[in-house]
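**Student:** sequence first, then the predicted structure:
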Amino acid sequence: MSTVTSPGAPAPTAAHHRRMTPAKWLKQNLFSNWYNSLLTIVFGAFILWVGVSLVRYLLHIDTEIIRVNLKLYMAGRFPNEQLGRLWLAIYIAVAGAALLARATALNAQRKATEAGIGFSSRSNWVDVMRRFWPIGALVVFTLSFTETITPTVLTLGAAAIGLGAYRIGAALPTSIVRRSWLIPVVGAVAFYLALAGFGGVGWDLWQGFFLNIVLTVAGISLAFPLGLMLALGRRSSLPAVRLLSVTYIEFLRGVPMITLLLMGAFALGFLIPGDVQFSLFLRILIAITLFQSAYIAEVVRGGLQSVPKGQIEAGQSIGLSPWKTMRLIVLPQALRNVIPAMVGQFISLFKDTTLVYIVLLLDLLRAAFVSTYQPEFLAQGLDAVVLPFAALYFWVGSYVMSRESRRLEKKLGVGVR
Amino acid sequence: MTDQTVFSDATQAAGTGETMIELTGVDKFFGDFQALKNINIRVGKQEVVVVIGPSGSGKSTMIRCINRLEVHDSGRIVVGGIELSDDIKSIQEIRKETGMVFQQFNLFPHLSVIDNITLGPRQVLNLPKGQAEELARELLIKVQIPEQANKYPGQLSGGQQQRVAIARSLAMNPKVMLFDEPTSALDPEMIKEVLDTMQELAESGMTMIVVTHEMGFAREVANRVVFMADGEIVEVGTPEHFFDDPTEDRTKLFLSQIL
């Protein structure tokens, strides 16, 4: 390609490009010889055809089905008269996230100050917008299908609460900032109580996209520590622990996730003796956690192996115990090394939450699909509308996660060798 | 260092005469390969012993046995009066008293220079943070890079990294320092700064065992030079004896190859 610039002389090339007329550019890049011209024409025609079809389709699309079923997609059959609880839970989640973000920033600031390094606390809004605009766009897109002003007002309320919590977060006492893990723990309890406490809505009625999000967040929060323990167990010097970990990991990795979901939904009741009854939601969450933890264990194991032996020896030689060597030296480096793989695993967990379709949990995908069976929408080819609609939510979530992972990688890459 | 006595017997310690490290009949196998064959050596307090020899001769293995980075198969190792055994306590005690500097520095890349140095004192000696940092800053002045305290290892030159590694070991206030080819991974222009730091340390009375190929350092700083080949101690002597008048043929051959 002519756009390849030699690193030695970037300036003249740039000037050269600026002087190039469009006709010249076309000739050089698209019609330089007969087969290039042929490829340009064929692919040009194909792209044009796809583009025109798409535009025509989008112009004639009837989004009535989305407008009617938006609540079904987002929250399933969550009782309408209890929707206030759902909004309260969302507010708690938003406030918790904002507080956690502030506490993390404060922690970084404190560490930097103690080390005597300058710290740019420009956690400006431009930066936040640049990072999370796809989610913002998705929210606006979702709100465009609402029929009353109420959801928009309530969403603005969530935004206000997020901003407010971030502001208030500045006044968090140091004792809490140092223990920032308290925020998600307290937040999770409050979140649950807001939804299910005091005669509320139990988790078997947590549905729609809300269910996908809850399963993802809960799945990651449970599977990560379990996977970490399994990875450490696999390297343990105790043969029994090692054998147990290896067996667990290899067994669960060798089984399709759908099998586990079906087992969780239909077989677990027979396997567990006595009258212990878990709700379907819990059984599915357990199945997802067990499955994902085995994969996370393997990702962490890769990270542990990537840390050079000399690091362990250096830790030992200054007298650190094996556990402290692991916790303070090996693990931080191992986990940093596997951020991309780990986030990849989280993204796949997020998308795999749609597999609950198979056990009849009404997640976003299932809600989208069943809505096409409603009498007024039956057999009108509306799958072509609702399936891309559902896919969009997963794509945005995955995209933002993957961008955040790259950002984290860069940020933590400070001390690379 | 001006002691002219010829120590042909490795168990005759120099320094103050008080024994700091003693290896008796130490053997070490890697599978069928015998890396150490009946090693007997005694290192006195404040003595500097330089170990030289061709690669694969067991030099590194020997000093790595002293702080249990390698497990010896038979024989006794006593450091500062503590006998090394399978008991994890004795291992921890000896590691606390023994600093080690590696060929590849092995600094912790995810920690700043100061955190690298304070990690041991804080986690093992339970020193409060402020005190540990004060100690770290003093040591950084000693190795002449106080301005690098808040940088990360990856931002330093090899010579600077190795000096941080020395400071990290010294922060544990060890009685013995082991150096495993500390300058072999360095660019030539950085070797001197590290050797200078080591020489200062030797002059301050630290007991040291140094595995190195730096013959100049051996000649100038060592009380005794130990020559190893094929897992055995072949010859031991003062630098003068060793470089000017070696007795063993293998020593002569080795010296003729490198000098």
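**Tutor:** Structure received. Numbering: from 1, shown residues only, chains lettered A, B, ... in the order given.
**Student:** number of residues surrounding the residue nearest to B:Leu156 when sequence neighbours are not counted?
**Tutor:** The shortest distance from B:Leu156 to any non-neighbouring residue, by C-beta to C-beta, 6 or more residues apart in numbering or on different chains, is to B:Gln148 (6.0 Å). To be clear about C-beta, it is placed using only N, CA and C from the backbone, and glycine gets the same treatment. By other C-beta atoms under 10 Å in any protein chain shown, 21 other residues sit near B:Gln148.
**Student:** so what's B:Gln148 up against?
**Tutor:** Listed by C-beta atoms under 8 Å, 6 or more residues apart in numbering or on different chains, the contact partners of B:Gln148 are B:113, B:140, B:156, B:160, B:164.
**Student:** ok, which pair from those residues is furthest apart?
**Tutor:** B:Leu140 and B:Leu156 (11.6 Å; C-beta to C-beta).
**Student:** out of the contacts of B:Gln148, which is most surrounded?
**Tutor:** That'd be B:Val113 among the contacts of B:Gln148, by other C-beta under 10 Å, with 28 neighbours.
**Student:** quick one, phi/psi of the residue nearest to B:Leu156?
**Tutor:** phi -100, psi 10 (degrees, to the nearest 10).
**Student:** if I look at it, how far off is A:Leu355?
**Tutor:** 52 Å (C-beta to C-beta, to the nearest Å).
**Student:** got any ranges where the chain has weak pLDDT?
**Tutor:** Since you didn't name a chain, this refers to chain A. Within chain A, the stretches with pLDDT under 70 are A:1-19, A:114-124, A:273-276, A:413-417.
**Student:** wait, chain B
**Tutor:** Using pLDDT under 70, chain B drops low at B:1-17.
**Student:** who in it is up against chain A?
**Tutor:** When proximity is defined by C-beta under 8 Å from any C-beta of the partner chain, chain B lies next to chain A at B:67-69, B:92, B:95-96, B:98-100, B:102, B:104, B:106-112, B:114, B:119-120, B:123-124, B:149-150, B:152-154, B:165, B:168-169, B:171-172.
**Student:** how about a cut-off of 6 Å?
**Tutor:** Contacts of chain B with chain A, taken as C-beta under 6 Å from any C-beta of the partner chain, map to B:67, B:69, B:95-96, B:100, B:104, B:106, B:108-110, B:120, B:123-124, B:150, B:152, B:154, B:172.
**Student:** among the residues you listed, the buried ones, what's the ChimeraX command?
**Tutor:** This is the ChimeraX syntax for the buried subset of the residues of chain B next to chain A, where burial follows 16 or more other C-beta atoms under 10 Å in any protein chain shown:
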select /B:67,69,95,96,100,104,106,108,109,110,120,123,124,152,172
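**Student:** partners of the residue positioned nearest the centre of chain B in the sheet?
**Tutor:** For chain B, B:Leu178 is the residue whose C-alpha lies nearest the centre (C-alpha atoms, centre = their mean; 1.9 Å). Going by DSSP bridges, B:Leu178 is paired in beta bridges with B:Met100, B:Ile209.
**Student:** contacting residues around it?
**Tutor:** Shown in contact with B:Leu178 (C-beta atoms under 6 Å, 6 or more residues apart in numbering or on different chains): B:63, B:100, B:209.
**Student:** out of those residues, the closest to A:Trp125 would be?
**Tutor:** Taking those together and measuring to A:Trp125 by C-beta to C-beta, the closest member is B:Met100, at 50.0 Å.
**Student:** which residues are in contact with the closest one?
**Tutor:** Per C-beta under 6 Å, 6+ apart, neighbours of B:Met100: A:317, B:67, B:178.
**Student:** for the second one, give me its contacts.
**Tutor:** By C-beta under 6 Å, 6+ apart, B:Asn67 lies in contact with A:317, B:95, B:98, B:100.
**Student:** any idea how far the first one is from A:Thr174?
**Tutor:** Applying C-beta to C-beta, the value for A:Ser317 to A:Thr174 is 35 Å.
**Student:** which of those two has more neighbours?
**Tutor:** A side-by-side neighbour count of A:Ser317 and A:Thr174, using other C-beta under 10 Å, places A:Ser317 first with 28 against 10.
**Student:** skip the chain neighbours and tell me the closest residue to the more buried one.
**Tutor:** Spatially, and ignoring its direct neighbours in sequence, A:Ser317 is nearest to B:Met100 (4.0 Å; C-beta to C-beta, 6+ apart).
**Student:** that neighbour and B:Met198: what is the separation?
**Tutor:** 13 Å.
**Student:** also A:Ser53?
**Tutor:** Taking C-beta to C-beta, one finds A:Ser53 at 75 Å from B:Met198.
**Student:** among the two, which residue is more densely surrounded?
**Tutor:** More crowded of A:Ser53 and B:Met198, by other C-beta under 10 Å: B:Met198, with 26 against 10.
**Student:** and the more buried one, which of the three is it?
**Tutor:** Put simply, B:Met198 is helix when judged by DSSP: H, G, I helix; E, B strand; the rest coil.
**Student:** buried residues, the helix or strand encompassing B:Met190. List them.
**Tutor:** According to DSSP states H and E, B:Met190 maps onto helix B:188-203. Neighbour counts using 16+ other C-beta under 10 Å place B:190-191, B:193-195, B:197-198, B:201-202 of helix B:188-203 among the buried residues.
**Student:** touching that helix from outside, list them.
**Tutor:** Under the criterion C-beta under 6 Å, 6+ apart, residues B:48, B:143, B:158-159, B:162-163, B:166, B:183, B:208, B:217, B:221 lie in contact with helix B:188-203.
**Student:** got a list of what B:Gln103 touches?
**Tutor:** B:180-181, B:184-185.
**Student:** distance of it from A:Ala95?
**Tutor:** B:Gln103 is 52 Å from A:Ala95, by C-beta to C-beta.
**Student:** can you lay out the contacts of B:Gln148 as JSON lines showing secondary structure?
**Tutor:** Formatted as JSON lines, the contacts of B:Gln148 follow (three-state DSSP):
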{"residue": "B:Val113", "secondary structure": "helix"}
{"residue": "B:Leu140", "secondary structure": "helix"}
{"residue": "B:Leu156", "secondary structure": "coil"}
{"residue": "B:Gln160", "secondary structure": "helix"}
{"residue": "B:Val164", "secondary structure": "helix"}
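**Student:** let's have the residues you listed in TSV, adding distance to A:Ile41.
**Tutor:** As requested, those are exported to TSV (distance: C-beta to C-beta, whole Å):
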residue	distance to A:Ile41
B:Val113	61
B:Leu140	68
B:Leu156	57
B:Gln160	61
B:Val164	63
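**Student:** which one of those is nearest to chain A?
**Tutor:** B:Val113 (10.0 Å; C-beta to the nearest C-beta).
**Student:** what's the helix or strand harbouring A:Glu250 packed up against?
**Tutor:** Assessed by DSSP H and E, A:Glu250 sits inside helix A:239-253. Identification of packing neighbours for helix A:239-253 by 3 or more C-beta pairs under 6 Å, 6 or more residues apart in numbering or on different chains; DSSP states H and E yields helix A:208-234, helix A:280-306.
**Student:** angle of it against helix A:208-234?
**Tutor:** On the basis of axes from the mean of the first three to the mean of the last three C-alpha atoms, to 10 degrees, helix A:239-253 is oriented at 150 degrees to helix A:208-234.
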